[in-house]
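1. Based on what follows, work out the 3D shape:
(one chain, ligands or ions: 1)
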Amino acid sequence: MIRISHASKRYSGGLVLALDRVDLQVAKGEFLALLGPSGCGKSTLLHAIAGLVPVNGTIAVSGARVEGPGLERAIVFQDYALFPWRTVLDNVAFGLEVRGVPARDRAQRAREHLALVGLEEFAERYPAQLSGGMKQRVAIARALACDPDVLLLDEPFAALDAQTRETLQAELLGIWERTGKTIVFVTHAIEEAVFLAQRVAVFTARPGRIKEIVPVDLPPDRAGRDVRGTPEFAAIRHRLWVSLSDEVRRASQEQRAHPGAPAPGDVRPGILGALHRVLRRGLA
Ligand SMILES: Nc1ncnc2c1ncn2[C@@H]1O[C@H](COP(=O)(O)OP(=O)(O)OP(=O)(O)O)[C@@H](O)[C@H]1O
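-> Numbers count the residues shown, from 1 in each chain. Below you'll find the model as predicted:
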């Protein structure tokens, strides 16, 4: 479904190599997690698949080269990105409106997708009247309403409290099982990756490369049982923890060796970025 070949990305006039010749394939209907230390390029890769960030190399979805955003790919962001002036129903219907779907059809499809995330009672509310978890459910319903082949999620649950986060993880698994969508999910939380994904692609510290791909062989119906408490879950979690902590250590060693260099995840272009780095060095 998704084929990424030699994808590289530089920012800040070439100063920052965020992605370095990444090769990756995602099968149709697969749930893949991208896991890596802060600033390793996970979001850059996800946004490149979405067509929001141009990269060198090629990214193809269903055989067609990605050259910009497309309706067959939908993205969900950490900060929900809902339109505050639109009702919940109108937020979910937004993509259908852009596609020119007639008003009656789009209201019906938006309601169906609100039901999928358990929010049909809240159709006429506004985003400001919802909790964080509910907002993210609306964002997921909006992404799914246009029936994309690929659902891209960029740390969608990172801002939520632990309880809500677990609930939404289970709901997302249920949605994936019911819809059969291909999902790529960015996270830096190991347990989240193990709970959700069929495979976990571990990134190196910047410049981002795929260090290894770890299969998650857990029994089905993860949401219906305490899979996090099983020895199999613990073993995969530990393996990923070792892999990831090597990268975090490597990133901080590099930072100590080159204290003037921009820190991963902390690269800000322009004069403000330079000022920030000088201040940070001064404080350190
Ligand atoms: N628009 C930009 N301009 C300059 N540098 C950028 C830009 N976007 C990202 N970067 C830099 O590229 C590198 C990769 O960023 P990216 O956001 O893809 O990493 P990430 O793994 O998703 O990080 P995090 O988990 O902290 O969100 C980082 O060093 C970041 O500072």
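
2. what about the strands in the protein?
-> Assigned by DSSP state E, the strands in the chain fall at 2-11, 16-26, 31-35, 56-61, 64-65, 73-76, 150-154, 182-187, 199-203, 210-215.

3. Need the ones you listed in TSV (columns: mean pLDDT and mean neighbour count).
-> Yep, even glycine has a C-beta here, placed from its N, CA and C like the rest. Formatted as TSV, the strands of the chain follow (pLDDT from 0 to 100; neighbours: other Cβ atoms under 10 Å):
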stretch	mean pLDDT	mean neighbour count
strand 2-11	95	18
strand 16-26	94	19
strand 31-35	96	25
strand 56-61	96	16
strand 64-65	94	9
strand 73-76	94	23
strand 150-154	96	23
strand 182-187	96	24
strand 199-203	96	23
strand 210-215	95	15
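
4. Enumerate the residues of the stretch 51-200 of the chain near the ligand.
-> Residues of the stretch 51-200 of the chain lying close to the ligand by Cβ under 6 Å from any ligand atom are H188.

5. show me where the stretch 51-200 of the chain has helices.
-> For the stretch 51-200 of the chain, the helices defined by DSSP state H, counting those that start in this stretch cover 88-92, 94-98, 103-116, 132-145, 162-179, 190-196.

6. Which of those has the highest mean neighbour count?
-> helix 88-92 (a mean of 25; mean count of other Cβ atoms under 10 Å).

7. Residues contacting that one, please?
-> If you take Cβ atoms under 8 Å, 6 or more residues apart in numbering as the criterion, helix 88-92 is touched by 82-83, 107, 110-111, 113-114, 119, 122-127, 130, 138, 141-142, 145.

8. where does the stretch 151-284 of the chain have low pLDDT?
-> For the stretch 151-284 of the chain, the stretches flagged by pLDDT under 70 are 258-284.

9. so what's E191 up against?
-> R228, R237.

10. Distance-wise, check it relative to the ligand.
-> For E191, the distance to the ligand (Cβ to the nearest ligand atom, to the nearest Å) stands at 16 Å.

11. what separates that residue from P69, distance-wise?
-> Look at E191 and P69: by Cβ to Cβ, to the nearest Å, they are 31 Å apart.

12. cool, V242 as well?
-> 37 Å.

13. so what's the residue in the stretch 101-250 of the chain that the ligand sits nearest to up against?
-> Nearest to the ligand, among the residues of the stretch 101-250 of the chain, is H188, at 5.0 Å (Cβ to the nearest ligand atom). For H188, the contacting residues are L35, G36, P37, S38, K42, E155, by Cβ under 8 Å, 6+ apart.

14. if we go to 10 Å?
-> Contact analysis of H188 by Cβ atoms under 10 Å, 6 or more residues apart in numbering lists 34-40, 42, 155, 158, 203, 244, 248, 265.

15. could you flag which of those residues are buried?
-> L34, L35, G36, P37, G39, C40, K42, E155, F203, L244, V248 (16 or more other Cβ atoms under 10 Å).

16. Not including adjacent chain positions, what is the nearest residue to the third one?
-> Ranked by Cβ to Cβ, 6 or more residues apart in numbering and with sequence neighbours excluded, the top spatial neighbour of G36 is F203, at 2.9 Å.

17. if I read this right, that neighbour contacts T187, doesn't it?
-> No: with contact defined as Cβ atoms under 10 Å, F203 does not reach T187; the gap is 11.1 Å.

18. okay, now H238: neighbour count?
-> Residues lying near H238 (other Cβ atoms under 10 Å) number 12.

19. got it, and the one 3 residues further on?
-> Other residues within reach of W241, judged by other Cβ under 10 Å, total 12.

20. Pull the distance from the helix ranked longest in the chain to the chain's centre.
-> Ranked by residue count, the top helix of the chain under DSSP state H comes out as helix 231-257. Helix 231-257 has its C-alpha centroid displaced from the chain centroid by 20 Å (Cα atoms, centre = their mean, to the nearest Å).
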